[in-house]
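A.B. asks: pasting the structure only:
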């Protein structure tokens, strides 16, 4: 299945089970949310997870685009993306965790055709505050799915205080041999779906009190599942990256890790700009600026003539279409080129600053902080300029 088929299958499966589809939001979270970008489908649902009735009822399903700044430094490996899509389901005081897990198992094995023998689950083992998640454990045992009990890996919270509870994660075997070991002991088990049972609220003193109603919140990454269904372990091997991997290598010769970073950051930048963000020195604009400057630093490493003006129109249109963004590609290109010109001016300033006697020798951490805070030169750019 490609990503569009996965999304359609997922939404229809849960609509058949009484869930109402809610529209996904942009990457900009609702007013009052402290995060810069939407990081999961639950952001727009926070008031309803707290107890407010949702106008569409107690069973909901959606697909939500997300951006996680915490993963930026990891991008370039095979598992992390800056912008990705998350499929989600919610029970707002309706069914409990075992029903959610049972439906999830049915969708994976029947809807997506995954061999049940390649699945493994993890379940909360209990700690000094709350007991073992027996209902989830018994559900998996009844289905014949092997289970591993953990503590910290299977307890979900959105911070030091607030709603929290046990979760059960579903893993898929990606090894070339029959399944071995358990998810915490073998990285060939890849997590595909997390089902969170929010049953408690943690107070400032660390104690837990029961929530007035239990909610179930699940999340499944589209690109990860699409890659796994292709028999691949890299998220860059799903269909949404096919045109990027087809066109960019002939345009810019890059090693595999650099190619993944450039594909991810440029695609993410298109989506962020499409949602109305512009490069800036702080906040969301700073994240966008960081994405573009990392791309330019990588591209210019081997050839200073490389630039964002070379980005094929097909890739811009493909990304805007996939995320259903009604944005003029010409406007988007102008944003990219204006930021590239700013970067070029920064490069010139950086070369002059680093030519000063103070910075000609080995650079200390204090030097790197000074270069960033006083001259606006990011660490990765400074280190790249020193290599030249």
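C.D. replies: Received, thanks. As the structure is a prediction and not an experimental result, all values here were calculated from the model.
A.B. asks: surely residue 166 is within a helix?
C.D. replies: No: secondary structure of residue 166, determined by DSSP: H, G, I helix; E, B strand; the rest coil: strand, with no helix assignment.
A.B. asks: how many neighbours does it have?
C.D. replies: 26 (other C-beta atoms under 10 Å). Heads up, the C-betas are built off the backbone N, CA and C, glycines and all.
A.B. asks: before we move on, what about residue 344?
C.D. replies: Applying other C-beta under 10 Å, we find 14 other residues in the vicinity of residue 344.
A.B. asks: what about it, helix or strand, and which?
C.D. replies: Mapping residue 344 onto the secondary structure by DSSP states H and E places it in helix 329-354.
A.B. asks: again, but for residue 214
C.D. replies: Element membership for residue 214 (DSSP H and E) is strand 208-221.
A.B. asks: would you mark the buried spots in that strand?
C.D. replies: 211, 214-221 (16 or more other C-beta atoms under 10 Å).
A.B. asks: quick one, phi psi at the nearest residue to residue 118 once chain neighbours are set aside?
C.D. replies: Among residues not flanking residue 118 along the chain, residue 173 sits closest, at 4.3 Å (C-beta to C-beta, 6 or more residues apart in numbering). For residue 173, the backbone dihedrals (degrees, to the nearest 10) come out as phi -80, psi 130.
A.B. asks: residue 173 is in contact with residue 188, isn't it?
C.D. replies: Yes: in terms of C-beta atoms under 8 Å, residue 173 counts as a neighbour of residue 188; the distance is 6.4 Å.
A.B. asks: between the two, who's got more neighbours?
C.D. replies: More neighbours sit around residue 173 than around the other of residue 173 and residue 188, counting by other C-beta under 10 Å; the figures are 21 against 16.
A.B. asks: any idea how far the more buried one is from residue 183?
C.D. replies: Separation of residue 173 from residue 183 (C-beta to C-beta, to the nearest Å) stands at 10 Å.
A.B. asks: what is the burial count for the closest residue to residue 375 other than its chain neighbours?
C.D. replies: Distances taken as C-beta to C-beta, 6+ apart put residue 353 closest to residue 375, at 5.2 Å, once the chain neighbours are dropped. In terms of burial, residue 353 registers 18 neighbours under the definition other C-beta under 10 Å.
A.B. asks: do the same with residue 349
C.D. replies: With neighbours defined by other C-beta under 10 Å, the count for residue 349 comes to 13.
A.B. asks: these two touch, right, it and residue 375?
C.D. replies: Yes: the pair residue 349 and residue 375 qualifies as a contact (C-beta under 8 Å) at a distance of 6.8 Å.
A.B. asks: what about stretch 143-152, start to end distance?
C.D. replies: From its first residue to its last, stretch 143-152 covers 24 Å (C-alpha to C-alpha, to the nearest Å).
A.B. asks: list the buried residues of that stretch.
C.D. replies: In terms of neighbour count (16+ other C-beta under 10 Å), stretch 143-152 has its buried residues at 143, 145, 147-149.
A.B. asks: what does stretch 11-27 give?
C.D. replies: Buried residues in stretch 11-27, counted by 16+ other C-beta under 10 Å: 11, 13-14, 19-20, 22, 24-27.
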